[in-house]
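Peer 1: Mind folding the following:
(2 chains)
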Amino acid sequence: DSGVTQTPKHLITATGQRVTLRCSPRSGDLSVYWYQQSLDQGLQFLIQYYNGEERAKGNILERFSAQQFPDLHSELNLSSLELGDSALYFCASSTRPDRYEQYFGPGTRLTVT
Amino acid sequence: DQQVKQNSPSLSVQEGRISILNCDYTNSMFDYFLWYKKYPAEGPTFLISISSIKDKNEDGRFTVFLNKSAKHLSLHIVPSQPGDSAVYFCAVKGSSNTGKLIFGQGTTLQVKP
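Peer 2: From the prediction side, this is the model:
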């Protein structure tokens, strides 16, 4: 158990809809990361927050947005969903914002039908 | 374009033998090179790292080698055990002041008893 929790575990929704994925980092970790793993793909970095502020951005679509709240939990919002958004979404956390050793949650599997 | 490539989707070895997983990268400016391991239904877990100023790092049965001239990274597992069966991702740390990781597509290792 990494100490990172993600909810929900599974999500099935229709095209055009909007969903919110939630992540609680390990106790004491100030940095949160979001990664997307599509079928047969490696993990793609989406975005990083550190202590409530955006720290780094990857190839995150404009339809996607994220934020980190004062209690350090983070939410990833996906809107106008398309079939290609079906993927595993992982959240990870670390103590410092430049750490390569990151602790990953179990992921949220999103299926868009 | 893929900055980190794992050209072998899968590898099968006999218990007790050596497993060698390979990874190629394109950018000589990366400062840290990593291996993560992933079991089904779990998030990736950090396994081992190597700094760009070194060419070898060992941790128990796991050794990572870095060949900077060839832009090549490898992970050796000796001896391989059935519990090592998992997906192995190589990754690089994308910049010095963030934790952005760039992952390869992963190699599924099967260790047969």
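
Peer 1: For chain B, give me its nearest residue in chain A.
Peer 2: Residue nearest to chain B within chain A: residue A:104 (3.0 Å; C-beta to the nearest C-beta). In this view, the C-beta of every residue, glycine as well, is placed from N, C-alpha and C.

Peer 1: Can you list phi and psi of that residue for me?
Peer 2: Main-chain dihedrals, residue A:104, degrees, to the nearest 10: phi -100, psi 140.

Peer 1: Just grab the bridge partners of it for me.
Peer 2: Going by DSSP bridges, residue A:104 is paired in beta bridges with residue A:92.

Peer 1: Around chain B, pick out the residues from chain A.
Peer 2: A:2, A:4, A:31, A:33, A:35, A:40-45, A:48, A:55-56, A:58, A:90, A:92, A:94, A:96-107 (C-beta under 8 Å from any C-beta of the partner chain).

Peer 1: From the residues you listed, list the buried ones, please.
Peer 2: Buried by 16 or more other C-beta atoms under 10 Å in any protein chain shown: A:2, A:4, A:31, A:33, A:35, A:42-45, A:48, A:55-56, A:58, A:90, A:92, A:94, A:97-107, out of the residues of chain A next to chain B.

Peer 1: From what I see, the residue of chain A closest to chain B and residue A:90 are in contact.
Peer 2: Yes: counting by C-beta atoms under 8 Å, residue A:104 does reach residue A:90; the two are 5.3 Å apart.

Peer 1: which residues do those two both contact?
Peer 2: A:35, B:43, B:44 (C-beta atoms under 8 Å, 6 or more residues apart in numbering or on different chains).

Peer 1: what residues are up against the last one?
Peer 2: Under the criterion of C-beta under 8 Å, 6+ apart, the neighbours of residue B:44 are A:43, A:90, A:104, B:36, B:37, B:38, B:89.

Peer 1: Would you point out the most distant pair within the residues you listed?
Peer 2: Longest distance between any two of those is 14.0 Å, between A:90 and B:37; criterion C-beta to C-beta.
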